[in-house]
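Trainee: Show me how the following folds:
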Amino acid sequence: MTSKKNDGSFGLRWLVFLVLGMSSSVFAAQCPSDSFDGFVKEFSAKPEVQRAFTVSPIHFMEVVAEGNAPKVVEREIKNLGAEELSAISPAVVEMSSLAVKVELPNRLFVRDRAGELLKILTFQKTDCWSLNRVENWSLEAVLAAQTDTSNLSPGERSLRRGKSFVDLAMEAEFPASTQLYISALDSYLHGAGKGSTEAGFQAVLLSLSGQAPRLDNARILELLLNAANTSGAANLALANFYCDEGRYDQVRPCADPEKSLGALEAGSKLGSLQAMNQLGLSYERGSLGIKKPSRALACFQAAAAKGFELSKDNAARLIANGVKTESSNCLKQEAN
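Mentor: Numbers count the residues shown, from 1 in each chain. Here you go, the predicted structure:
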């Protein structure tokens, strides 16, 4: 009987020890804050909090190279590498000029200003917050794996990165899609700063699409003018911007018809058949201050001769209405 009593006491003592041990562990990992903002502040600054409040296994996503194309890979991993969270350290953020944004109710976005880094951290809430998903959308490793990137200029590399972000955004779900478009815009602007006028043009198109933040009009005009020196498509966009200033929500007269007309002519000279067709429409309708159907027909016919199908229909319409080209040519300097 005594032996059984001692055995029972021994088991009870072990049970108390285990409970106290568990309690000590829980106390050591006491929730830093019930609010997500407060929790993230502690989580970002303290590696011990990160270790205590990161689930295992954790859902991890990254972008890898599959040939020359980026591929999204998702998996469960037991331990998250310390480097995956180093970017959110206040010291690293300050030193690297990173942007860290808390988005309620449970996400953290980490990016740089060049579009080179993008991470999305998602947390879950039970008794406390815990990190349960990490998305690493950074593309530098993918670009490095591509065999034809070694000779790219910094501007062209950023242009390619921006285009890859757009491709990924078209397939991704919200909120990742929104963040990918922002990183695409950052990449394009970085490329423009490094001398790529095409990157600047793509930044304008993305900004005006509504998928990414809206650039101010002065910045849009600057980027379009830079690209318009060599791009017919950029001149077409510039002509539209001179008229509507990026405001598509209302119909109104062209704000600067003379500059718009000049941009359409410049785009036509650089080989943009869309610009030439739009130039014809402006002459047909008089929307840019000059109404001359014969010149409109000349523009339509010139574009149609180079295979622009819509201009063929426009030319046929004017001919059916009795319009003749006479001696007029499409572009002013070519006109007799």
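Trainee: Pull the contacting residues for Lys120.
Mentor: Residue 120: Ile, not Lys. Residues in contact with Ile120 (C-beta atoms under 8 Å, 6 or more residues apart in numbering) are 107-110, 133-135, 137, 175-176, 179. Glycine gets a C-beta too; all of them are placed from N, C-alpha and C.
Trainee: Among those residues, pick out the one closest to Ala82, please.
Mentor: Among the contacts of Ile120, Val134 lies closest to Ala82 (C-beta to C-beta), at 12.2 Å.
Trainee: Quick check: beta-bridge partners of the closest one?
Mentor: Note on Val134: beta-bridge partners Phe60, Leu121, judged by DSSP bridges.
Trainee: What's the local residue count around it?
Mentor: 21 (other C-beta atoms under 10 Å).
Trainee: and if you look at Ile290?
Mentor: 14.
Trainee: list the buried ones in stretch 184-199?
Mentor: Residues of stretch 184-199 classed as buried by neighbour count (16 or more other C-beta atoms under 10 Å): 184-192, 194, 196-199.
Trainee: Pick out whichever of these sits closest to Ala304.
Mentor: If you rank the buried residues of stretch 184-199 by distance to Ala304 using C-beta to C-beta, Glu198 comes first, at 27.8 Å.
Trainee: Enumerate every residue touching that closest one.
Mentor: Glu198 touches 159, 191, 227, 231, counting by C-beta under 8 Å, 6+ apart.
Trainee: And it, which helix or strand is it part of?
Mentor: helix 197-209 (DSSP states H and E).
Trainee: What residues sit buried inside that helix?
Mentor: Across helix 197-209, burial judged by 16+ other C-beta under 10 Å covers 197-208.
Trainee: what's the next secondary structure element after it?
Mentor: According to DSSP H and E, the helix or strand after helix 197-209 is helix 217-228.
Trainee: same for that following helix, what does it pack against?
Mentor: Counting contacts by 3 or more C-beta pairs under 8 Å, 6 or more residues apart in numbering; DSSP states H and E, helix 217-228 packs against helix 197-209, helix 232-244, helix 257-269.
Trainee: how does it look with 6 Å?
Mentor: For helix 217-228, the elements it packs on are helix 197-209, helix 232-244, judged by 3 or more C-beta pairs under 6 Å, 6 or more residues apart in numbering; DSSP states H and E.
Trainee: With just CA atoms, put the last one into CSV.
Mentor: The one in question is helix 232-244. Written as CSV, here are the backbone C-alpha positions of helix 232-244 (Å, rounded to 0.1, in the frame of the first residue of the first chain):
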residue,chain,number,x,y,z
GLY,A,232,5.6,56.4,-81.8
ALA,A,233,3.5,54.8,-79.2
ALA,A,234,4.7,57.2,-76.6
ASN,A,235,3.7,60.1,-78.9
LEU,A,236,0.2,58.6,-79.2
ALA,A,237,-0.1,58.5,-75.4
LEU,A,238,1.3,62.0,-75.2
ALA,A,239,-1.3,63.3,-77.7
ASN,A,240,-4.1,61.8,-75.6
PHE,A,241,-2.6,63.2,-72.4
TYR,A,242,-2.4,66.7,-73.9
CYS,A,243,-6.2,66.4,-74.5
ASP,A,244,-7.5,64.6,-71.4
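Trainee: Count the residues that sit near the closest residue in space to Ile182 that isn't next to it in sequence.
Mentor: Closest residue in space to Ile182, ignoring its immediate chain neighbours: Ala212 at 5.7 Å, by C-beta to C-beta, 6 or more residues apart in numbering. Look at Ala212: counted by other C-beta under 10 Å, it has 24 neighbours.
Trainee: cool, and Arg51?
Mentor: Per other C-beta under 10 Å, the neighbour tally for Arg51 reads 14.
Trainee: How about the contacts made by it?
Mentor: Applying C-beta atoms under 6 Å, 6 or more residues apart in numbering to Arg51 gives no contacts.
Trainee: For it, give its distance to Arg133.
Mentor: The gap separating Arg51 from Arg133 is 17 Å, by C-beta to C-beta, to the nearest Å.
Trainee: and if you look at Gln124?
Mentor: Gln124 sits 8 Å away from Arg133, going by C-beta to C-beta.
Trainee: One more: Thr325?
Mentor: 64 Å.
Trainee: In the stretch 51-200 of the chain, where is pLDDT below threshold?
Mentor: Across the stretch 51-200 of the chain, the ranges flagged by pLDDT under 70 are 147, 149-150.
Trainee: hang on, the earlier thing: can I assume the residue nearest to Ile182 is in contact with Asp186?
Mentor: No. Ala212 is beyond contact range of Asp186, at 8.8 Å (criterion: C-beta atoms under 6 Å).
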